[in-house]
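S.K.: my questions are about this predicted structure, shown below with the sequence.
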Amino acid sequence: MGKMTADYVIIGSGSAGSAMAYRLAQAGKRVTVIEQGGTDAGPFIQMPAALSYPMNMGVYDWGFQSEPEPHLGGRQLATPRGKVIGGSSSINGMVYVRGHARDFDTWEGMGAQGWSYADVLPYFKRMENWHGGEGKPEFRGNDGPLHITRGPRKNPLFDAFIEAGAQAGYPVTRDYNGQSQEGFGPMEATIWKGQRWSAANAYLKPAMNAGNVQVVRGFARRVVIENGRATGVEILRGGQIEVIPAAAEVIVAASSINTPKILMLSGIGPAAHLREHGIDVVADRPGVGANLQDHLEIYMQFQASQPVTLYKYWNLWGKAAIGAQWLLTGKGLGASNQFEACAFIRSKPGVEYPDIQYHFLPIAVRYDGKAAAGGHGFQAHVGPMRSKSRGAVSLRSGDPMDNPKILFNYMSHPEDWEDFRRCIRLTREIFGQEAFKPYLKSEIQPGSALQSDDQLDDFLREHVESAYHPCGTARMGRRDDPMAVVDPECRVIGVEGLRVADSSIFPQVTNGNLNGPSIMVGEKASDHILGRTPLPKSNLEPLLNPNWRESQR
């Protein structure tokens, strides 16, 4: 394909970028997508069970780290972001969570007019091809590009986890992405026919095959702005700096870490900070890079009393056998991310909707692939969903090749510590139920010796990990809000012909993993870009616990 002059230039081929490329091309527009990373071919990305590999490989990951975090004893936490077609949807855990209905109502209350649950539900339905079975199908979509499936739950520990939740008095939810998020139930994943179903597989490749989308491999340095209007993107490709022109608009979809960096290098951001790095100010938007949020979690690990976990495969021969079966048949343990059961609960009475999330895993192992000592075990990843701590992404220098400074300011709000202690104590109660009696031998971590607030706080300081859900650094809001970066149509305030559409624009982090809502942002933004009337509002109502004021469960 020869060099095409694009109507739209999108920076980033991730969750939102791929969805926009697909929808804009479908409308007959010519689209150029700029992506620094390369191909997603090969088993490390496409085999669901291999998920711990790509996020630890420099070829697929930007390799960002936080600055020393002052409330975590100066620890620097890994901040993986995808550097490959499909972006972070090609290196993530493939867990599919829309977020709670109230998350989006909160967005609207924060100035994101037209982004309430009633507004976004039709876009979630448009993107989904749901193979779920149980639940209320009117809440789900069944002919979108994004396949959503549930694991086979063959391991008895998955059902033990759901049963333990019910024994502890929590509801069982048949579909946490449907009418009712609250409760214990099966987890959903972007996996289809045993393969990772990333945004690249769902959206970008079909759009490229249809002919209106080209991917240019290059490093986006800045947006070119002439007389207050974005006209193209300056990239570094093959050692040369060149400009990719945009006839209509430029859209930045480069992640909540790279998007604010590119905006600031383009002269959009806090004026004093830009001047400090020798950058001419195009638009003084103090919100660029601010409002950084994430989910933290801990791994509650337990030793198993019988060999029912995946530990028996945690060796060279076991992994080779799983890999060989997957390569030959696309089936077996390699075809699952192993996150097949989950829960969303409320931490205390007076909390209207869930603020704690669980991922259950039938092995005790870290994201970096290190297994816990002691052989057979299992774990729950648990963490609060709505931390009040806020951090920032800022420039290290005016050189585009320098990584930005990332400071999450994790655990800087006193409520974070209370919420996490509650997470630990509620989790111990769940694993103490009858359903786990046949399987549970002892608590590996934190360890049953740690009981007091101070002991738990020391453990948290050392062991909390990012769940890799950064967002909020180019917040959406009203045009007269000084901290808003984009308006509710994703237009950058103060610059013509420029939009942002990715997890940067979230006013507040959603409940759960961010791939789903990021794709939804791409879907909805594409209608705004095309000047279309948004899809009609839904009149479906979410189910909330009627006793939430008085009761924790």
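M.R.: Good, I have the coordinates.
S.K.: so which elements touch the longest helix along the chain?
M.R.: The longest helix of the chain (DSSP state H) is helix 414-431. Judged by 3 or more C-beta pairs under 8 Å, 6 or more residues apart in numbering; DSSP states H and E, helix 414-431 is in contact with helix 156-167, strand 296-304, strand 356-361, strand 377-384, strand 440-445, helix 453-463. (Glycine included, C-beta is placed from N, CA and C.)
S.K.: list phi and psi for the most far-flung residue of the chain relative to its centre.
M.R.: The C-alpha centroid of the chain is most remote from residue 227, which lies 35.4 Å away (C-alpha atoms, centre = their mean). Per-residue torsions, residue 227: phi 50, psi 40 (degrees, to the nearest 10).
S.K.: before we move on, back to that, which other residues reach the longest helix of the chain?
M.R.: 161, 164-165, 168, 296, 298, 300, 302, 345, 347-348, 355-356, 358, 380, 382-384, 387-389, 410-411, 440, 443, 446, 453, 456-457, 460, 464 (C-beta atoms under 8 Å, 6 or more residues apart in numbering).
S.K.: what about this structure, any weak spots by pLDDT?
M.R.: Applying pLDDT under 70 to the chain picks out residues 1-4, 367-374.
S.K.: in it, which spans are helices?
M.R.: 15-26, 43-46, 101-109, 117-127, 156-167, 199, 205-210, 255-265, 271-276, 316-329, 414-431, 453-463, 515-529.
S.K.: which one of those helices lies nearest to residue 133?
M.R.: Nearest to residue 133, of all the helices of the chain, is helix 156-167, at 15.1 Å by C-beta to C-beta.
S.K.: helices or strands next to that closest one in the packing?
M.R.: So helix 156-167, by 3+ C-beta pairs under 8 Å, 6+ apart, packs with strand 183-186, strand 341-345, strand 356-361, helix 414-431.
S.K.: got the buried residues for the first one?
M.R.: Of the residues in strand 183-186, those with enough neighbours to count as buried (16 or more other C-beta atoms under 10 Å) are 183, 184, 185, 186.
S.K.: stretch 218-225 too?
M.R.: Applying 16+ other C-beta under 10 Å to stretch 218-225 flags 218, 220, 221, 222, 223, 224, 225 as buried.
S.K.: which of the buried residues of strand 183-186 sits closest to residue 72?
M.R.: Of the buried residues of strand 183-186, the one sitting nearest to residue 72 (C-beta to C-beta) turns out to be residue 184, at 29.8 Å.
S.K.: picking up where we left off before, for residue 394, find the nearest of the helices of the chain.
M.R.: The nearest among those, by C-beta to C-beta, is helix 271-276 at 6.3 Å.
S.K.: which outside residues touch stretch 226-239?
M.R.: Contacts for stretch 226-239 (C-beta under 8 Å, 6+ apart): 9, 11, 34, 216-225, 241-246, 249-250, 282, 400, 494-498.
S.K.: quick one, what contacts residue 168?
M.R.: Contacts of residue 168 (C-beta under 8 Å, 6+ apart): 429, 430, 433, 553.
S.K.: right, I mislabeled it, should have said residue 492
M.R.: Residue 492 neighbours (C-beta under 8 Å, 6+ apart): 263, 268, 283, 285, 474, 485, 486, 498, 499, 500.
S.K.: partner residues bridging it?
M.R.: residue 486 (DSSP bridges).
S.K.: ditto for the one 4 residues further on
M.R.: When bridges are called by DSSP bridges, residue 496 pairs up with residue 229.
S.K.: list the contacts of it.
M.R.: 228, 229, 230.
S.K.: by neighbour count, which of those residues wins?
M.R.: residue 230 (25 neighbours; other C-beta atoms under 10 Å).
S.K.: any idea how far residue 546 is from it?
M.R.: 49 Å (C-beta to C-beta, to the nearest Å).
S.K.: try residue 139
M.R.: 19 Å.
S.K.: more neighbours: those two, which one.
M.R.: Shown here are residue 139 and residue 546; by other C-beta under 10 Å, residue 139 has more neighbours (21 against 8).
S.K.: how far does the longest helix of the chain sit from its chain's centre?
M.R.: Mean-position distance between helix 414-431 and its chain equals 23 Å (C-alpha atoms, centre = their mean, to the nearest Å).
S.K.: list the buried residues in it.
M.R.: Neighbour counts over helix 414-431 (16+ other C-beta under 10 Å) mark 416, 417, 419, 420, 421, 422, 423, 424, 426, 427, 430, 431 as buried.
S.K.: how far away is the second one from residue 461?
M.R.: Read it as residue 417. Relative to residue 461, and taking C-beta to C-beta, residue 417 is found at 9 Å.
S.K.: so what sits against both of these two?
M.R.: residue 411.
S.K.: before we move on, back to that, pick the most buried one from the helices and strands packed on helix 414-431.
M.R.: Mean neighbour count (mean count of other C-beta atoms under 10 Å) peaks for strand 356-361 among the helices and strands packed on helix 414-431, with a mean of 25.
S.K.: so residue 269 sits against residue 260, correct?
M.R.: Yes: if you go by C-beta atoms under 8 Å, residue 269 and residue 260 touch, sitting 7.2 Å apart.
S.K.: quick one on the thing from earlier: out of the helices of the chain, which is closest to residue 90?
M.R.: helix 43-46 (5.3 Å).
S.K.: now the strand of greatest length in the chain against helix 515-529, angle please.
M.R.: Looking across the chain with DSSP state E, the single longest strand is strand 240-252. With axes from the mean of the first three to the mean of the last three C-alpha atoms, to 10 degrees as the basis, strand 240-252 and helix 515-529 are set at 90 degrees to each other.
S.K.: having no further points to raise, I will conclude here.
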